[in-house]
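Trainee: fold the following for me, if possible:
(chains A, B, C and D)
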4 protein chains.
Amino acid sequence: MIEVAVFGAGRIGKIHAANVARHPQAKLKYVVDTHAPSAEALADELGAKVVSVEEALNDPAIGAVVIGSSTDTHADLILRSAAAGKAIFCEKPVDLDVQRARECEAAVNNAGVVCMVGFQRRFDPTFAALKARLEAGEIGEAEMLVITSRDPSPPPVSYIERSGGVFKDMLIHDFDIFRWILGGEAVSVYATGGSLGFPEVAAAGDITQAVVTIRTKSGSLCQINTSRRAAYGYDQRFEVLGSAGMLQCGNHRPSEVVQSDASGVHADKPEHFFLQRYREAYRLELAHFFETLQSGGTFRTTIADGVAAQRLADAASESLKSGQAIRF
Amino acid sequence: MIEVAVFGAGRIGKIHAANVARHPQAKLKYVVDTHAPSAEALADELGAKVVSVEEALNDPAIGAVVIGSSTDTHADLILRSAAAGKAIFCEKPVDLDVQRARECEAAVNNAGVVCMVGFQRRFDPTFAALKARLEAGEIGEAEMLVITSRDPSPPPVSYIERSGGVFKDMLIHDFDIFRWILGGEAVSVYATGGSLGFPEVAAAGDITQAVVTIRTKSGSLCQINTSRRAAYGYDQRFEVLGSAGMLQCGNHRPSEVVQSDASGVHADKPEHFFLQRYREAYRLELAHFFETLQSGGTFRTTIADGVAAQRLADAASESLKSGQAIRF
Amino acid sequence: MIEVAVFGAGRIGKIHAANVARHPQAKLKYVVDTHAPSAEALADELGAKVVSVEEALNDPAIGAVVIGSSTDTHADLILRSAAAGKAIFCEKPVDLDVQRARECEAAVNNAGVVCMVGFQRRFDPTFAALKARLEAGEIGEAEMLVITSRDPSPPPVSYIERSGGVFKDMLIHDFDIFRWILGGEAVSVYATGGSLGFPEVAAAGDITQAVVTIRTKSGSLCQINTSRRAAYGYDQRFEVLGSAGMLQCGNHRPSEVVQSDASGVHADKPEHFFLQRYREAYRLELAHFFETLQSGGTFRTTIADGVAAQRLADAASESLKSGQAIRF
Amino acid sequence: MIEVAVFGAGRIGKIHAANVARHPQAKLKYVVDTHAPSAEALADELGAKVVSVEEALNDPAIGAVVIGSSTDTHADLILRSAAAGKAIFCEKPVDLDVQRARECEAAVNNAGVVCMVGFQRRFDPTFAALKARLEAGEIGEAEMLVITSRDPSPPPVSYIERSGGVFKDMLIHDFDIFRWILGGEAVSVYATGGSLGFPEVAAAGDITQAVVTIRTKSGSLCQINTSRRAAYGYDQRFEVLGSAGMLQCGNHRPSEVVQSDASGVHADKPEHFFLQRYREAYRLELAHFFETLQSGGTFRTTIADGVAAQRLADAASESLKSGQAIRF
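Mentor: The predicted structure follows:
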């Protein structure tokens, strides 16, 4: 049984805390949040105790921490948790600044602790099934990856202003998908985009539509298209073209009801947003974290993946600004 | 908080016990099973205590019982639980003998206790979404229902011999779907079938393929087709034709991966079997049971539904034997 | 080159005449219709000549006739064409009276002429592909057939009154599909139905919704469901369950456009009605007729198929009336 | 009735000639091909006469010419046909050299003749239905276009060497789709690619996989992905994301049969290649040509569209070479 402290009692912290509490090999001991009422409510509901960061990290019984607090606290908590010798699960991103993220990576490595980064999509049953088939050679060698990644609607401008921009905030997951699926190192990144329909986002220095092209050393190609607004909901698809076929991931839907009437044949929109779409993935990534901690196996993500995805996001931002492809 | 005793620590008992244990408004206090090791293991895992039926029913703190033990114990447990004034959740069927099932119904009514019957399909997200749209009038008046209900492969003959036959064992759920969706009373039932490929089932007095036709007083029609063997897995679909359109429930799949290669375009088979397909339905039916117990609302199923479905199963068996339609 | 006379210049006659005119091995010589303006217009358009039945049958250059005139003329034209030694293609049905149809069958056999019956669905690319796979053993032995056959809306009552009823008018095609796919002889037929929403059809002695169950000697089962009103259009599906899998025929759609918006994910309704849905099948059945006439091969349908389908329609009508299954 | 000469009796010439011959408002008078046996065979089959280019263009009865001969003859035939005052339908491309294509455009304009370019995809029922809905405003303003354009397998290297490269040979259609759907002028084009699995194509100076990004003045974005090898066949999809939803074009399949068995659920591969996939589009584009010639309406494509698509292909080639985005 691994005793766990969860940092963060907000939207994502709650999900992780509940998954810790329900996992047979884990015990949720502490909830930590600077906003006391949130921490208390969550701890109450799940039978945990509210403590400070110090108290949590000083408790030798704590074997692992789950960092689900606000983005600007991630790096500090990683550094302190590593120093305390705790196994770390940290929500993406490591830090909006790639240099700072690298410092965290070094600290984690020096301390010899585990640090999984929350790229939950790698645990999604559909995405993981695709990956398994790809590795089994069912479509030969992967040659091309097309990722469609669209949100139902943009967050408030106040959020966007602190988000690091669409590449770090939203496409960070897709950059990780690229690395996970094509497996190669990028040699060039090209990005362009705009903010059609959202002048207030442009005013905040960000964009709402973007397209990215990545080329790997081996010559495989990746195209990503994204928008912060898809009127029909959360659109999360990708497809891999291989030398012997294609693998596609379709959206998940709340139900399999199809209605046929005088106006056509109608199916459900995709699952509403990431909390619904990746509910199972959030559960499975923590299960993997705890099980791998106990079994001593290989973690499906590490802090190095977090850093690598961020480098791609930085390159995309730079390409958007310069209008030219960035070479590595 | 409702304290609960679960009767049965087998396949279905385990599912119910886990759902009780996880429900925020319920507390799993007792596990009861004549097979002590199963009872102990389940109780251990979920933090409950093993007791006898008597002890469970004599404990005034127990507010509800969940009957998930073998079919031949259902009626007795319903009668005793009703006498003890407990709220009852009972797996289908009430009893293979409809007369005995009616005695249970009378006892439940006399005792003034709740008795939900485990027609979990009514709680499946896809089926419930269809039902909601039908009630919202989205396809006008329901005129015709076509149910496809197929198992991946037949159970052992030893099971079939004690099962009550395909109509009571397998189609009981579909008879309930008929009543739930078309809502009318049957005026005729016609059934025919056979045991192609399974002479051992024929030797045991049962069939593996069957088709049933039901006509209601209002003139709406229902066709059910079933087989104990669908090589592609568990096939659970139904469609309703209404005066203004059609609603269809498709199968659920483990993933949304589609593979295209030289031999075609390939999607997943349906979810393997009922434990996978109806996992969420099992959770939701118990949640409904506990929430309705507390809110005092209307239960989605009652023991009367159990009795009514069994009458249809009896009529189908009789029709199969006589070769003629049975009139009510 | 086969010279051809087409009887009938109405809706279906026009389709056949155009397919004759376009076929490289056939030459449309004559159009015959009691309604002179229709005959003239069609003959003009396709470069043919208007003549009487006598003239057409007396022309020794005419190698084949295509009968697409009104139902009540079919038997007479078959008898006269057989007597004249012409190869015959006749639209379904042979005659609404099965006794009269049998006389035609005998006459055709005595004359030693070909008589294909227009069960065009056997030539539909989707249906024929299913049949080919079934025969290739891809799903093992066929055990169960479920046919969905629905029209967009009922014809006028004046048509229904002369139609012979829903079983002979509409389901005759489905009875033929049953024979073609399951291949066995029926041992029992059960039918029931009603006329929900169409009291004027009930007043005319017919029904608008019907369900039929057929059992074959070998124990395979067939369920047919039909309605003269499907608000979403012409619904033509069937599925075969075999010992090793299932084959399904889906509807065809005018386009493969899918629209996703705030209200859902929307695809096209099926092709509007039989003229659209079976356009290619009508072309292919005549191509088969001419090619088989020249090659001396086996015709995919014969007048015996027409008679056999009608016997099933008669049995269904009788079952509907008596409320009981009809045994053969 | 428009009398027509068809130049070219090869694969595409045959299709056009047959569509001319079958069109009620056109008469195929001449077939022209330097390869006499091909010309004779085609003319024989369709009841036309073999003549030289001169004879065809000198015949004042010829109202229109259809150019379906080899690419290197297009420009010359356009210039001569324009000089002869004939209405012109020309297969794509106008010429591999954009400067030469512009000379043709100027000549056509000076002569005041019609010159449609064979972008048949604009006439495909699925693509045209999408376009109609887009123009009807069903998804608001178009913001992003994703095009998937893949061939089943590469042509021989001998073909590739004379093809002008993948952008002019294959993606020319997709550049036209971009212009047709997004409607705006390109301000930047970025392309990259490679020849994974086909070193012989690399040796011939071409590539087999490519991705292209186009940005328009208004800020809308287009991504195209292509491969000369899709093991599952001819893949022709595109999707448009608009401010109020998405429209997608799916592939067409030879049949709507779905097979479910122990290994999964299997549908047909897409239609084999362009001759199958766009059979109806080829018919409809010539029908549009003849009908618009007679009605005096607006032609759906002009030689200007041919030139514009080629400019995009040139820009993509240049970007591929330089590794940088090309600005307009």
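Trainee: grab the nearest non-local neighbour of the residue sitting furthest away from the middle of chain A.
Mentor: Most distant from the centre of chain A: residue A:262, at 41.5 Å, with distances by Cα atoms, centre = their mean. Closest residue to residue A:262 apart from its sequence neighbours, by Cβ to Cβ, 6 or more residues apart in numbering or on different chains: residue C:231 at 5.1 Å. To be clear about C-beta, it is placed using only N, CA and C from the backbone, and glycine gets the same treatment.
Trainee: and that neighbour, what's its pLDDT?
Mentor: We have a pLDDT of 97 for residue C:231.
Trainee: hmm, the residue farthest from the centre of chain A is touching residue C:230, no?
Mentor: No: contact criterion Cβ atoms under 8 Å: residue A:262 and residue C:230 do not qualify, at 10.0 Å.
Trainee: returning to that earlier point: in this structure the residue nearest to residue A:262 contacts residue B:243, no?
Mentor: Yes: contact status for residue C:231 versus residue B:243: in contact at 7.1 Å, counting by Cβ under 8 Å.
Trainee: so what sits against both of these two?
Mentor: Listed as contacting both residue C:231 and residue B:243 by Cβ atoms under 8 Å, 6 or more residues apart in numbering or on different chains are B:139-140.
Trainee: neighbour count winner among those two?
Mentor: Neighbour tally, residue C:231 and residue B:243, criterion other Cβ atoms under 10 Å in any protein chain shown: the higher count belongs to residue C:231, 21 against 15.
Trainee: got phi/psi on the more buried one?
Mentor: Main-chain dihedrals, residue C:231, degrees, to the nearest 10: phi -60, psi -20.
Trainee: show me what contacts it?
Mentor: For residue C:231, the contact set (Cβ under 8 Å, 6+ apart) comprises A:260-262, B:139-140, B:242-246, C:152.
Trainee: redo those as CSV? Include pLDDT and secondary structure.
Mentor: Formatted as CSV, these follow (pLDDT from 0 to 100; DSSP: H, G, I helix; E, B strand; the rest coil):
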residue, pLDDT, secondary structure
A:260, 98, strand
A:261, 98, strand
A:262, 97, coil
B:139, 98, coil
B:140, 98, coil
B:242, 98, strand
B:243, 98, coil
B:244, 98, coil
B:245, 98, strand
B:246, 98, strand
C:152, 97, coil
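Trainee: and these, which of them are buried?
Mentor: Buried subset of the contacts of residue C:231 (neighbour count, 16 or more other Cβ atoms under 10 Å in any protein chain shown): A:260-261, B:139, B:242, B:245-246, C:152.
Trainee: intersect these with the contacts of chain D.
Mentor: By Cβ under 8 Å from any Cβ of the partner chain, no member of those lies near chain D.
Trainee: how near is the closest residue to chain C within the stretch 51-200 of chain A to chain B?
Mentor: At 9.4 Å from chain C, residue A:152 is the closest residue in the stretch 51-200 of chain A, using Cβ to the nearest Cβ. Distance, residue A:152 to chain B, by Cβ to the nearest Cβ, to the nearest Å: 18 Å.
Trainee: verify the contact between that residue and residue A:227 for me.
Mentor: No: using Cβ under 8 Å, residue A:152 is not in contact with residue A:227, being 10.0 Å away.
Trainee: returning to what we had before: need phi/psi at the residue farthest from the centre of chain A.
Mentor: phi -60, psi -20.
Trainee: so which residue of the stretch 101-250 of chain A comes closest to chain B?
Mentor: At 3.3 Å from chain B, residue A:245 is the closest residue in the stretch 101-250 of chain A, using Cβ to the nearest Cβ.
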